[in-house]
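Visitor: Whatever this is, show me its structure:
(chains A, B and C)
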Amino acid sequence: MKGAIGVRKGAWTEEEDVLLKKCVEKYGKGKWHQVPHRAGLNRCRKSCRLRWLNYLMPDIKRGAFQEDEVDMIIRLRRLLGNRWSLIAGRLPGRTANDVKNYWNTHLAEKVVYQKLKEDNSPTKFATKVNVIRPQPWPFSKSSAWLDIKATLVASRTPPGENIEQSSPMLSHQDKESAWWENLLSESGPNEGLITSTSGLEGQPGTDSWPREFAMEEGRNGWNELSFDADVWEFLDSNPHAVI
DNA sequence: AATAACTCCAACCGCCAAATG
DNA sequence: GCATTTGGCGGTTGGAGTTAT
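Guide: Numbers count the residues shown, from 1 in each chain, chains lettered A, B, ... in the order given. Next comes the predicted model:
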């Protein structure tokens, strides 16, 4: 797409920010093609939308990423790949651009997947798959994301039961499994854990397939075979995660 | 002090799918 | 059914700021 002639590019000025903010506050989000005219901005619709989404939107969290946020990014990227908008959906206040930039500048070279390549494990096929719709996940200093035991308490241990009694010998795999189970199951309000079979029933485009997922599925060849190999290992070892 | 090299992030670009006419 | 418009996404880049020499 070529940019329109005469449309301003580059860094936004304070005046432009004010105009855009006032416009969105007055007319609401959406209808981005009308925003430049309504706001009196000599910017293209995409530029306006991006500026709002990445900088002006309320509740955007600036500053350094916390340890639990970084941990979340690494784990979710292993699961979802470069689906930054979905990953950002789990990080309240962080935008997809923030997460993508952070990954590219801080994590990309640190997080190595050589193990997967070296494993040379045979391709695994599954016939059924869980589809995740990420929801914002609240973080705090005492976040349970970094506390596997707390995660286990929340996800497995019946009320009143001692975690050490219920799981005296926790393997690394158990801990990983518990983490993912907790992530993929009960999390936030409006949580949607969509399940589907690999058959025609429930495929995108059919009435039974939720529109939200239908829109997400299909980008960049995304399908149930696109998960990283370690996710298949997780699914193999966690039959409850597969319906 | 000068400047080259590097880092980081805001913004742009091209593409895709859904919506609309 | 087709063409166009629109919203949204991930990849990439330009340049300001920082650090090293």
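
Visitor: Relative to DNA strand C, how far out is A:L50?
Guide: A:L50 sits 7 Å away from DNA strand C, going by CB to the nearest atom of the strand, to the nearest Å. C-beta: built from backbone N, CA, C; applies to glycine.

Visitor: er, A:W52 I mean
Guide: Between A:W52 and DNA strand C the distance is 9 Å, computed by CB to the nearest atom of the strand.

Visitor: Contacts only, for the closest residue to that residue other than its chain neighbours.
Guide: Distances taken as CB to CB, 6 or more residues apart in numbering put A:V24 closest to A:W52, at 5.8 Å, once the chain neighbours are dropped. By CB atoms under 8 Å, 6 or more residues apart in numbering, the contact set of A:V24 is A:V35, A:W52, A:L56.

Visitor: Tell me the buried residues in the host helix or strand of A:V24?
Guide: Assessed by DSSP states H and E, A:V24 sits inside helix A:14-27. For helix A:14-27, the neighbour count (16 or more other CB atoms under 10 Å) marks A:E16, A:L19, A:L20, A:K21, A:C23, A:V24 as buried.

Visitor: what's the average pLDDT for it?
Guide: Regarding helix A:14-27, the rounded mean pLDDT is 89.

Visitor: right, is it up against DNA strand B?
Guide: No: using CB under 7 Å from any atom of the strand, helix A:14-27 stays clear of DNA strand B, coming no nearer than 8.2 Å.

Visitor: Could you find the closest non-adjacent residue to A:R49?
Guide: If the residues on either side of it in the chain are set aside, A:R49 comes closest to A:W32, at 4.6 Å by CB to CB, 6+ apart.

Visitor: and the one you found, what pLDDT?
Guide: So A:W32 comes in at 88 (pLDDT).

Visitor: Over to A:P122?
Guide: What the model reports for A:P122 is a pLDDT of 44.

Visitor: same check, this time on A:R90
Guide: If you check A:R90, the pLDDT there is 88.

Visitor: Now do the same for it: helix, strand or coil?
Guide: Secondary structure assignment for A:R90 (DSSP: H, G, I helix; E, B strand; the rest coil): coil.

Visitor: Check the one 4 residues further on too.
Guide: In the three-state summary, A:R94 is assigned as coil, counting by three-state DSSP.

Visitor: tell me the domain ranges of chain A?
Guide: A:14-56, A:67-107, A:122-241 (automatic domain parsing).

Visitor: Next one: the second one, is it in contact with DNA strand B?
Guide: Yes: using CB under 7 Å from any atom of the strand, domain A:67-107 reaches DNA strand B at A:N97, A:D98, A:K100, A:N101, A:Y102, A:N104, A:T105, A:H106.

Visitor: May I have the helix holding A:V24 as PDB, with CA atoms only?
Guide: Below are the C-alpha coordinates for helix A:14-27, written out as PDB (Å, rounded to 0.1, in the frame of the first residue of the first chain):
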ATOM      1  CA  GLU A  14       2.200  16.800  21.300                       C
ATOM      2  CA  GLU A  15      -0.300  18.900  19.400                       C
ATOM      3  CA  GLU A  16      -1.200  15.900  17.200                       C
ATOM      4  CA  ASP A  17      -1.500  13.700  20.200                       C
ATOM      5  CA  VAL A  18      -3.900  16.100  21.800                       C
ATOM      6  CA  LEU A  19      -6.000  16.300  18.600                       C
ATOM      7  CA  LEU A  20      -6.100  12.500  18.200                       C
ATOM      8  CA  LYS A  21      -6.900  11.900  21.900                       C
ATOM      9  CA  LYS A  22      -9.800  14.400  21.800                       C
ATOM     10  CA  CYS A  23     -11.100  12.900  18.700                       C
ATOM     11  CA  VAL A  24     -11.200   9.300  20.100                       C
ATOM     12  CA  GLU A  25     -12.700  10.500  23.300                       C
ATOM     13  CA  LYS A  26     -15.400  12.300  21.400                       C
ATOM     14  CA  TYR A  27     -16.200   9.800  18.800                       C
END
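
Visitor: Right, I'll call it a day here.
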